[in-house]
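**Q** one predicted model, sequence on top.
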Amino acid sequence: MGHHAHHTHDHGHEHSHDHSDTTRDRGIWSTSIGIRAVKTSLLCLAATAALQAVVVVFSESVALLADTVHNFGDAATAIPLWIAFRYATRKPTERFTYGFGRVEDIAGMIVLMLIAASAAVAAYESVMRIIHPEPIQNVVAVAAASLVGFGGNMLAAHVRIKAGREIGSAALVADGRHAQTDSYTSLAVLLGAAGVWLGFPLADPIIGALISVAIFCILVQASRDVLVRTIDGMDPEMLQRISSAAVSVAGVRHCGRVRARWSGHRIHADLSLAISEHATIAEAERIRQQVELIVRNAVPELADIIIQWQSAH
């Protein structure tokens, strides 16, 4: 095993350069999709929040205020993601040998903090209005603003989730789910306005408080996805996909250790293979190259892969 494994590992290191241009092209392509999604959703949510803010000033609706603050916060989450995707296009350096994909994971953490802050603001304003109730004005305008919020968030959610799934970005998908739930909290403002119109003024701050709870629930779900990746958690289904692709190559007896981790929306992996003991070093190298090709086809998110092999006895 010793000679074979060492010899092939050296070749593997050289061979990985053959894929560097393709890998970099894939990285640039996925990053451009991410940036476009972030820019589109930023403009959409900023316009939505600005329109709602105008109505908040005239209506003094705390439910709409909670929704508006949240939409501004949601628009702001696009900024760290934008920075992260910009960094992702940079080549690895002597200090950052894996590149800058982790910046995206940090951006995901910032997104979580912004979600938490918006939940806190909405909760505080709602509780204060329940304690010190005040009538809201322009109920019809509040109702219209809630529908604007629903439409704006749904559009932003669609753009973010579609792009996030396409390129494998947990931070972008989390942000999209966040916007998706926000669209329903915007509709909740409509319920509050209807309650006030029907003669129940506390409906507005109560809906505001419920929106705060909904935001907190989003935070819990989004935190799980982002934190798992931050500590190198990997979906077992993805590891199985890598393993299955490897053993489908003729000459591979079985796949031993498979390890992989996300860095932003790209995957770094390494695996060990057991191949026929009668294979020559040249045949083993050909098998290794074939495994790399098949695995890359099966896992487009793959940035680089290290493959070691040993003879099966």
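**A** Structure's in. What do you need?
**Q** and stretch 219-229, which residues are buried?
**A** Buried residues in stretch 219-229, counted by 16 or more other Cβ atoms under 10 Å: 219, 222-223, 225-226, 229. Bear in mind the C-beta positions are built from the backbone N, C-alpha and C, glycine included.
**Q** in JSON lines: those residues, plus secondary structure and distance to residue 177.
**A** JSON lines is the format used below for the buried residues of stretch 219-229 (DSSP: H, G, I helix; E, B strand; the rest coil; distance: Cβ to Cβ, whole Å):
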{"residue": "219", "secondary structure": "helix", "distance to residue 177": "11"}
{"residue": "222", "secondary structure": "helix", "distance to residue 177": "7"}
{"residue": "223", "secondary structure": "helix", "distance to residue 177": "12"}
{"residue": "225", "secondary structure": "helix", "distance to residue 177": "8"}
{"residue": "226", "secondary structure": "helix", "distance to residue 177": "11"}
{"residue": "229", "secondary structure": "helix", "distance to residue 177": "15"}
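**Q** which of these lies closest to residue 258?
**A** Of all the buried residues of stretch 219-229, residue 229 has the smallest distance to residue 258: 17.4 Å, by Cβ to Cβ.
**Q** so the closest one sits against residue 108, correct?
**A** Yes: using Cβ atoms under 8 Å, residue 229 is in contact with residue 108, at 7.5 Å.
**Q** what touches both of the two?
**A** residue 170 (Cβ atoms under 8 Å, 6 or more residues apart in numbering).
**Q** how about the buried residues of stretch 219-229 in a markdown table, adding pLDDT and distance to residue 32?
**A** A markdown table is the format used below for those (pLDDT from 0 to 100; distance: Cβ to Cβ, whole Å):
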| residue | pLDDT | distance to residue 32 |
| --- | --- | --- |
| 219 | 81 | 29 |
| 222 | 76 | 24 |
| 223 | 84 | 28 |
| 225 | 77 | 23 |
| 226 | 80 | 22 |
| 229 | 81 | 21 |
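**Q** nearest to residue 180 among these?
**A** When the buried residues of stretch 219-229 are ranked by distance to residue 180 (Cβ to Cβ), residue 222 comes first, at 11.1 Å.
**Q** report pLDDT for the closest residue to the closest one other than its chain neighbours.
**A** Once flanking residues are discounted, residue 222 sits nearest to residue 174: 4.0 Å by Cβ to Cβ, 6 or more residues apart in numbering. We have a pLDDT of 76 for residue 174.
**Q** list the buried ones in the helix or strand containing residue 46?
**A** Using DSSP states H and E, residue 46 maps to helix 20-59. Residues of helix 20-59 classed as buried: 23, 26-27, 30-31, 33-35, 37-38, 40-42, 44-46, 48-49, 51-53, 55-56, 59 (neighbour count, 16+ other Cβ under 10 Å).
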